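J.: sequence plus the predicted model coming up.
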Amino acid sequence: MAAIGRGILDLERVGGMLCIDFVNTMGWRGRALSNEWLKTPADLFLWARSCHILSQDTFDRASLMAESDAAGDLLEKAHSFREVLYCIFSAIAAKQRPCDADITTLNNGLPAALSRLRLRPSGTGEQWEWHGDDVAIEEILLPIVRSAMELLTSPRISRLKECANEGCAWVFLDGSKNRSRRWCDMRDCGNRAKAKRHYHRAKST
Ligand SMILES: [Zn+2]
């Protein structure tokens with residue numbers, strides 16, 4: 001998907017689950033024209049808010065520190081965790097076993113995130129709240145880690161695919177009846193593949 005001239009809020013969510021949409025904040029991995037949608041900490045906070053991961057209050061606090069070094073560190077952690085998730089999903093989509101090191105990183109992400117959660121008594125039952133005043137990357141990553149754990153242990157994992165447009169590197173859950181979906185997005189990669197086929201056919205005749 002093309003990111004040129006568009007902002008993070010324009011990013012389509014075609015993955016079918018939060019963890020997959022997070023992986024798809026990067027496209028064309030390893031290519032000269034790779035599409036990084038989370039270019040700045042502000043992009044990360046906006047994306048997380050638009051997915052309802054961050055409360056308005058945390059988002060406001062995060063936005064105030066978006067220019068800081070600490071926010072830069074959060075973005076870096078988000079990027080590296082996202083690439084670990086991509087490696088796991090890409091391997092599974094190719095019917096291969098994910099790397100042990102990647103699975104270990106995912107496993108470690110859960111306790112790290114949970115260590116920041118506290119129960120707070122309230123009039124309507126207990127509520128989760130984050131411990132500490134700083135905006136922590138775990139707050140953004142916990143829902144993503146949970147979403148990934150849910151997917152990896154669900155039968156839906158057999159529907160995980162990587163876009164057939166070579167290099168696109170977006171992943172998605174194929175919800176079609178006959179499991180025939182090949183492209184992340186028919187309007188983008190699907191059309192490009194169609195145009196390519198057309199070109200080669202016209203050339204050979
Ligand atoms: Zn694609």
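T.: Nice, I can see it. Residues are numbered from 1 along each chain as shown.
J.: residue ranges for the helices of the chain, please.
T.: Counting by DSSP state H, one finds helices in the chain at the ranges 18-23, 41-50, 56-64, 69-93, 100-114, 137-152, 191-204.
J.: how far does the fifth one sit from the chain's center?
T.: For helix 100-114, the distance between its averaged C-alpha position and the chain's averaged C-alpha position is 16 Å (Cα atoms, centre = their mean, to the nearest Å).
J.: could you tell me the angle between that helix and helix 69-93?
T.: For helix 100-114 against helix 69-93, the angle by axes from the mean of the first three to the mean of the last three Cα atoms, to 10 degrees is 130 degrees.
J.: now helix 100-114 against helix 137-152, angle please.
T.: 130 degrees.
J.: nearest to the ion, out of the helices of the chain?
T.: helix 191-204 (8.2 Å; Cβ to the ion). All C-beta spots, glycine's among them, are computed from the backbone N, C-alpha and C.
J.: count of neighbours near Gly167?
T.: 13 (other Cβ atoms under 10 Å).
J.: circling back: right, so the helices of the chain: which one is the most enclosed?
T.: Highest mean neighbour count among the helices of the chain (mean count of other Cβ atoms under 10 Å): helix 18-23, with a mean of 24.
J.: picking up where we left off before, got CSV for the helices of the chain, with mean pLDDT too?
T.: As requested, the helices of the chain are exported to CSV (pLDDT from 0 to 100):
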stretch, mean pLDDT
helix 18-23, 96
helix 41-50, 95
helix 56-64, 89
helix 69-93, 94
helix 100-114, 85
helix 137-152, 88
helix 191-204, 71
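J.: can you list those in TSV and add distance to the ion?
T.: Output for the helices of the chain, formatted as TSV (distance: least, Cβ to the ion, whole Å):
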stretch	distance to the ion
helix 18-23	12
helix 41-50	19
helix 56-64	30
helix 69-93	12
helix 100-114	22
helix 137-152	19
helix 191-204	8
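J.: let's have these in TSV, adding distance to Lys177.
T.: Formatted as TSV, those follow (distance: least, Cβ to Cβ, whole Å):
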stretch	distance to Lys177
helix 18-23	20
helix 41-50	30
helix 56-64	39
helix 69-93	19
helix 100-114	31
helix 137-152	20
helix 191-204	21
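J.: which one, of those, ends up nearest to Glu166?
T.: helix 191-204 (9.4 Å; Cβ to Cβ).
J.: quick test: name the residue nearest the centre of this structure.
T.: The centroid of the chain falls nearest to Phe22 when counting by Cα atoms, centre = their mean (1.1 Å).
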